[in-house]
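Participant: give me a model of this one.
(2 chains)
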Amino acid sequence: MIKLNNRECEWQEGLTVQELLKLKTFTYPRIIVYVNDKIISPEDYASTIIEDGDKVKAIHLMAGG
Amino acid sequence: MELENNQTGQPFLKEYSYDLGVLDRGYTNRTLYINVGSYKIKEKPVTPLMKDKFIGGKGFGLYYLWQAVTESTKWNDPENEIIISSGPVGGITQYPGSGKSLVVTLSPLTNMPIDSNAGGYFGPFLKFAGFDAIELQGKADKDVIIFIDGNKGTISIEEAHGETSDTHILGGQLTEKYADNEEDRRNIAVISTGSGAEHTNIGLLNFTFYDVRRKGIRLKQAGRGGIGTVFRDKHIKAVVIKFAGVKGNLNHPVDQLTLNKTGIKLHKEIHDLDNAQNRMRKIGTANIIEVMDQYDLLPTHNYKFGAHKDTFKIASDVFISKVTQNSPDGCWHGCSMACAKAADHFELKTGPYKGQKVTIDGPEYENAAGLGSNCGIFDPDAILELNFYCDTYGIDTISYATLTAFVMECYENGILNQERTGGLELNFGNTEASLELLHQMSQGVGFGKIAGLGIRKMKAYLAKEFGADPQFLFDIGMEQKGLEFSEYLPKESLAQQGGYGLTNKGPQHDEAWLIFMDMVNNQIPTFEDKAEALHYYPMFRTWFGLNGLCKLPWNDIAPADNKLTDEPAKIPEHVQNYVDIFNAVTGKAIDKHELIRQSERVYNFQRIFNIRMGFGKRVHDKLPYRAMGPVTVEEYVSRQERYDKQLTELLDYDTTGKSTEEKIKVMRDYRESQYEKLTDAVYKRRGWTMDGVPTVEKLRELEMDLPELLEVVEKNM
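Facilitator: I've put the predicted structure just below:
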């Protein structure tokens, strides 16, 4: 299990940031991703492995209206 | 000087001339009053109190409306006014999104003040012509056109002859009529509405400006709350303003250099980052159609659902292919965000203009979501045609869409049938029926006349005439305070329920859009967190409306290093930009905290205005349950896994063996209690009593303890 935006979330061995975003259908273009409080750049999403117990944040910035 | 005689041989009812005056630090220090009933025209000074406490824009609108009406004034009384004002920053050309006009009147939908904003050139032209605001009062006995020549310093009230009121024709005719030649057309701005505003309560005000590239008019709308209905009730056909000579320093700012530097910084940001962020230059606000669907937030079938299998048919890329030129397209000079879009040479398939090839402004996200998915329509051409007719008829697309979705659900529930609708098969997805309903509204005939009343009055009608269950109608009729909801699904985000419900004018998302922050990001988990967001964001966003600014350049683009800031959601660099441009224009020295206080003063004034009119208390902040949770079995079942899990985890409720109806009831009790707790927290944060009345202490703290406000507040404690 990991924490995603402070909620319990399923985890599997080798899960990357890119796969997690796809799994959650987080398709919004303006997301800031943190793994254990460290910002992950979009170019590193595919290579960043999330470990069991990690705290991940995927912060969507407001827009619209 | 008043000229009682006709100077030109034209059928002037009144002509008036004025000194052009001086625009200094964002203000002309003068406003214009026109009574279309008595033809009285006069100039009024802008007082220090107005500038200190109300700033401009909708602040001035609310201030003047308060003076004009009493607690018993109705929207269609001659005393009601329509006030249009830009604001001290409005009209600058250095910073994107600086051409907004703010409109205020008593609404036929809510019976209290409504404010709505529009792009286009009218507000800035009015200021350059010499006036910080225009008040329109009275009721003419025949249709009139008001013409302001901002270069000559003349104002005329003329009898309107023969012109249709539908804007795509009238706007073009008046632009041509009042321009000296083709080159001069860019100097004309028109406000008008359309035939639909004459027969419904949801009339809008179109702001027409001339598009040099297209060699035709474009429209932006002050859409919400029935302002166009008030406009036509006053028998005003149009207000035309002419001003030649727009340039970057007309506001006479104290610090032109800061304006230039701040503007260039944002232009560069938009140039470098927009394509990777929200693609505002490419497709405008419609960029989020499929995003909303993917996050289960796209209103579908009268807000029952948040997604649909056919959304791909109306996704943003579909509309990109229909928008002509595919090039940036702004609604005021210097706006590099340029999110206005238009489809040209669109051949209409229905209605009085069938066969004509027209330019359609849009679609905006709200139009696509409302006219489309919320009514079960996934045909992009149908959405464009509905969009066109709403605009030219002067009908608010959001209210039209939301009330049509309501009508469709009533139809599918047997509350309405073909006999009751005069033959219209108003099932979800019936494009032809939706278009026919709209055409009926424009003429005030058939079921369109009933629908045009708006959801609140329609609910009463359906209960009285057809014996429909008032509670069910209340649950599914997506209006609050009389205003139809805009097009986001709030039921899974408590903070967004507050963003819609705990508002001054009704459920329009321009106060607070917190769905991502709350539902997805889980950034504001406690009531206090939500209350803080429901204090800060409504106050921050109110400020745009005081200054003639558009909200979009604030957070539809963000600096590359925004993610490194303490509060990325606020876009701190852009907040500072606004502080800087305000100070650069006015010469004042506000900071980001004073910016919020400026808004708080006007926000609390508007709340007290609502209370004065008999509304604006806790009871008026209640929401229809469709905005908060699943009303029907069909809705619950569509998200059963999610809802069952919530009942188990949040309430320790064992769902085993329970009927869906039982679970709906438990869920409802819980969610309604959550909204009440949120209301408590928000009122406390805003400095209001638990009945929603601003306290005397709060007014003193804001230096808004004006005698007339204290009188209302003390009477309602």
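
Participant: ends of stretch B:183-202, what's the gap?
Facilitator: One end of stretch B:183-202 sits 35 Å from the other (Cα to Cα, to the nearest Å).

Participant: equivalent analysis for stretch B:650-664, please.
Facilitator: Counting by Cα to Cα, you get 14 Å between the two ends of stretch B:650-664.

Participant: quick one: it near chain A?
Facilitator: No: on the criterion Cβ under 8 Å from any Cβ of the partner chain, stretch B:650-664 is out of touch with chain A, staying 12.6 Å away. No exception for glycine: its C-beta is placed from N, CA and C like everyone else's.

Participant: please list the residues outside that stretch that contact it.
Facilitator: Contacts with stretch B:650-664, where a contact means Cβ atoms under 8 Å, 6 or more residues apart in numbering or on different chains, come from B:629-633, B:636-637, B:640, B:643-644, B:647-648, B:666, B:670.

Participant: just to check, residue B:416 is in contact with residue B:425?
Facilitator: No: checked against Cβ atoms under 8 Å, the pair residue B:416 and residue B:425 is beyond contact range at 10.1 Å.

Participant: which of these two has more neighbours?
Facilitator: residue B:416 (21 against 13; other Cβ atoms under 10 Å in any protein chain shown).

Participant: A helix includes the more buried one, no?
Facilitator: No: read with DSSP: H, G, I helix; E, B strand; the rest coil, residue B:416 is coil and lies in no helix.

Participant: how is chain B partitioned into domains?
Facilitator: As given by automatic domain parsing, the domain ranges for chain B are B:2-242, B:268-484, B:495-715.

Participant: make CSV out of those domains and add mean pLDDT.
Facilitator: Putting these into CSV (pLDDT from 0 to 100) gives the following:
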stretch, mean pLDDT
domain B:2-242, 95
domain B:268-484, 95
domain B:495-715, 97
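
Participant: so which of these comes closest to residue A:49?
Facilitator: domain B:495-715 (21.0 Å; Cβ to Cβ).

Participant: number of residues surrounding residue B:149?
Facilitator: Neighbour tally, residue B:149, other Cβ under 10 Å: 18.

Participant: what's near enough to touch it?
Facilitator: B:129, B:155, B:242.

Participant: quick one: which of the contacts of stretch B:650-664 is nearest to residue B:174?
Facilitator: Taking the contacts of stretch B:650-664 together and measuring to residue B:174 by Cβ to Cβ, the closest member is residue B:631, at 46.3 Å.

Participant: contacts only, for the closest one.
Facilitator: Contacts of residue B:631 by Cβ under 8 Å, 6+ apart are B:472, B:475-476, B:625, B:664.

Participant: in what helix or strand does it lie?
Facilitator: Secondary structure assignment for residue B:631, by DSSP states H and E: no helix or strand.

Participant: which residue is the nearest non-sequential neighbour of it?
Facilitator: In space, and not counting its chain neighbours, residue B:631 is closest to residue B:475: 4.6 Å by Cβ to Cβ, 6 or more residues apart in numbering or on different chains.

Participant: hang on, that neighbour in a helix?
Facilitator: Yes: under three-state DSSP, residue B:475 sits within a helix.

Participant: residue B:695 reaches residue B:683, doesn't it?
Facilitator: No: judged on Cβ under 8 Å, residue B:695 makes no contact with residue B:683 at a distance of 9.9 Å.

Participant: what do these two both touch?
Facilitator: Common neighbours of residue B:695 and residue B:683, counting by Cβ under 8 Å, 6+ apart, are residue B:689.

Participant: quick one: which of the two has more around it?
Facilitator: residue B:683 (21 against 16).

Participant: now do the same contact list for the closest residue to residue B:452 other than its chain neighbours.
Facilitator: Of all residues not flanking residue B:452 in the chain, residue B:200 sits nearest, at 3.0 Å (Cβ to Cβ, 6+ apart). Counting by Cβ under 8 Å, 6+ apart, residue B:200 touches B:226, B:229, B:395, B:441, B:444, B:451-454.

Participant: distance check, residue B:200 against residue B:431.
Facilitator: According to Cβ to Cβ, to the nearest Å, residue B:200 stands 20 Å off from residue B:431.

Participant: may I have the phi/psi pair for residue 60?
Facilitator: You didn't say which chain, so I picked chain A. Main-chain dihedrals, residue A:60, degrees, to the nearest 10: phi -90, psi 130.

Participant: that was the other one, I meant chain B.
Facilitator: phi -70, psi -40.

Participant: from what I can see it touches residue B:50, true?
Facilitator: Yes: between residue B:60 and residue B:50 there is a contact at 6.4 Å, judged by Cβ under 8 Å.

Participant: name the residue in those two with the higher neighbour count.
Facilitator: Set side by side, residue B:60 and residue B:50 show more neighbours around residue B:60, with 28 against 21, by other Cβ under 10 Å.

Participant: closest one to residue A:8 out of the contacts of residue B:149, please.
Facilitator: Looking across those and measuring by Cβ to Cβ, the closest to residue A:8 is residue B:129, at 60.9 Å.

Participant: between residue B:60 and residue B:50, which contacts overlap?
Facilitator: If you check residue B:60 and residue B:50 against Cβ under 8 Å, 6+ apart, no residue is contacted by both.

Participant: tell me which element the residue of the stretch 51-200 of chain B found nearest chain A is part of?
Facilitator: Using Cβ to the nearest Cβ, the single residue of the stretch 51-200 of chain B nearest to chain A is residue B:117, 11.5 Å away. Per DSSP H and E, residue B:117 falls inside strand B:113-118.

Participant: all helices of chain A, in order?
Facilitator: Along chain A, counting by DSSP state H, helices occupy A:17-23.

Participant: who in it is up against chain B?
Facilitator: A:5-7, A:25-30, A:32, A:39, A:57-65.

Participant: could you identify the buried members of those residues?
Facilitator: The neighbour count (16 or more other Cβ atoms under 10 Å in any protein chain shown) marks A:5, A:26, A:28-30, A:32, A:57-65 as buried among these.
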